[in-house]
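Chemist: prediction below, plus the sequence it came from.
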Amino acid sequence: LVMHAFGDALALTAGANTRALEFLDKALSSDPGHPLATALASWCRAQRGIYNFGGPLHVERAEAQRLAAVALALGNDDPQVLAILGTASTIIGDLDLAEILIGKCLAIDPYCAMAWQRRGWIAIYRGVGTALADFRRCLSLSGTTDPDRHNTLFGIASAHFLAGRYDRAADWAVRGIAERPSAVWAYRIAAGAQARSARMTASRNSAAILLRHYPDLTVSTIIDSLPMQPDFLTRYAEAMETAGVPV
């Protein structure tokens, strides 16, 4: 059950997220003290917040935080559990805890690709320029068959957006979507970067695809879900509005 859930959690789609939580509910009803199952449940709840998969943002974040605390109490020396909890903590905005968990994971297992990817995302959320090196390390460790490779490509796109390299950000976002077309939420990355690089037809098309799948989505709900720094969010919000996402 946990391995099925892990595969679905890596897909980063609303349907897969729902399936993962169903598997994890069954696993935890059988073994409530399973650290990996609890960590995965925390990550899935965090996904529901940042990718607009589920209920109110504050509810999903609170549940992700609660489950992370439970998982850490169950066992905190398994690098896989640490990487997953670091990922969950990152996307709910608890960056201090995420850095501690990812640092501990890499001290135990310096070849953990998931932890290197997450370190890159933490750098983006912190607004520092070290993310690309971490994403490259992740790609070198994980190879071309990594089921989470698309999220690394979206991270590279976001790193270029952070640095103001909008053409490159748009190219990497499109590349990530091509590798995982079902990750429809990622059109928000593409739309923002395309708008900033004056690819207005492409930007409006990306926004239209995003809104077709998330008809209630607004710039405000997107911005509220992201733990980036104010400068990044201001530029991104302006780009999303230009692309045609309602304010």
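Modeler: Happy to help now that I have it.
Chemist: where in this protein is pLDDT low?
Modeler: For the chain, no stretch has pLDDT under 70.
Chemist: let's see 80
Modeler: 75-76 (pLDDT under 80).
Chemist: helices of that one, start to end?
Modeler: In the chain, the segments counted as helices under DSSP state H are 2-11, 14-30, 35-50, 57-74, 79-91, 95-108, 113-126, 131-142, 149-162, 166-179, 187-196, 200-213, 219-225, 230-243.
Chemist: got a markdown table for those helices, with mean neighbour count too?
Modeler: Placement of C-beta: from N, CA and C, glycine included. Formatted as a markdown table, the helices of the chain follow (neighbours: other CB atoms under 10 Å):
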| stretch | mean neighbour count |
| --- | --- |
| helix 2-11 | 19 |
| helix 14-30 | 18 |
| helix 35-50 | 27 |
| helix 57-74 | 18 |
| helix 79-91 | 26 |
| helix 95-108 | 18 |
| helix 113-126 | 25 |
| helix 131-142 | 19 |
| helix 149-162 | 24 |
| helix 166-179 | 20 |
| helix 187-196 | 28 |
| helix 200-213 | 18 |
| helix 219-225 | 17 |
| helix 230-243 | 18 |
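Chemist: starting at the chain centroid, how far to stretch 175-187?
Modeler: 13 Å (CA atoms, centre = their mean, to the nearest Å).
Chemist: then it to PDB, C-alphas only?
Modeler: This file holds the C-alpha atoms of stretch 175-187, laid out as PDB (Å, rounded to 0.1, in the frame of the first residue of the first chain):
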ATOM      1  CA  ARG A 175      10.100  20.900 -21.200                       C
ATOM      2  CA  GLY A 176       8.800  19.800 -17.800                       C
ATOM      3  CA  ILE A 177       5.200  19.700 -19.100                       C
ATOM      4  CA  ALA A 178       6.300  17.700 -22.100                       C
ATOM      5  CA  GLU A 179       7.700  15.100 -19.800                       C
ATOM      6  CA  ARG A 180       4.600  15.000 -17.600                       C
ATOM      7  CA  PRO A 181       1.600  16.500 -19.500                       C
ATOM      8  CA  SER A 182      -0.700  15.400 -16.600                       C
ATOM      9  CA  ALA A 183       0.900  17.900 -14.300                       C
ATOM     10  CA  VAL A 184      -1.600  20.600 -15.400                       C
ATOM     11  CA  TRP A 185      -0.900  22.800 -12.400                       C
ATOM     12  CA  ALA A 186       2.600  23.500 -14.000                       C
ATOM     13  CA  TYR A 187       1.000  25.600 -16.700                       C
END
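Chemist: go ahead and confirm L36 touches D78.
Modeler: Yes. At 7.2 Å, L36 and D78 qualify as touching, with contact defined as CB atoms under 8 Å.
Chemist: roughly how far apart are the residue most central in space within the chain and G244?
Modeler: By CA atoms, centre = their mean, the mean C-alpha position of the chain lies nearest to I91, the distance being 6.2 Å. As judged by CB to CB, to the nearest Å, I91 and G244 stand 26 Å apart.
Chemist: same check on L162?
Modeler: L162 is 23 Å from G244, by CB to CB.
Chemist: ditto for A88
Modeler: From A88 to G244 the distance is 32 Å (CB to CB).
Chemist: then A37?
Modeler: In terms of CB to CB, A37 sits 41 Å off from G244.
Chemist: just give the nearest non-adjacent residue to the residue of the chain most remote from its centre, would you?
Modeler: Within the chain, the residue lying farthest from the chain centre (CA atoms, centre = their mean) is S30, at 28.6 Å. For S30, ignoring the flanking residues on the chain, the nearest one in space by CB to CB, 6 or more residues apart in numbering is L1 at 7.7 Å.
Chemist: from memory that neighbour sits against D25, does it?
Modeler: No. Under the criterion of CB under 8 Å, L1 is not in contact with D25, lying 9.1 Å apart.
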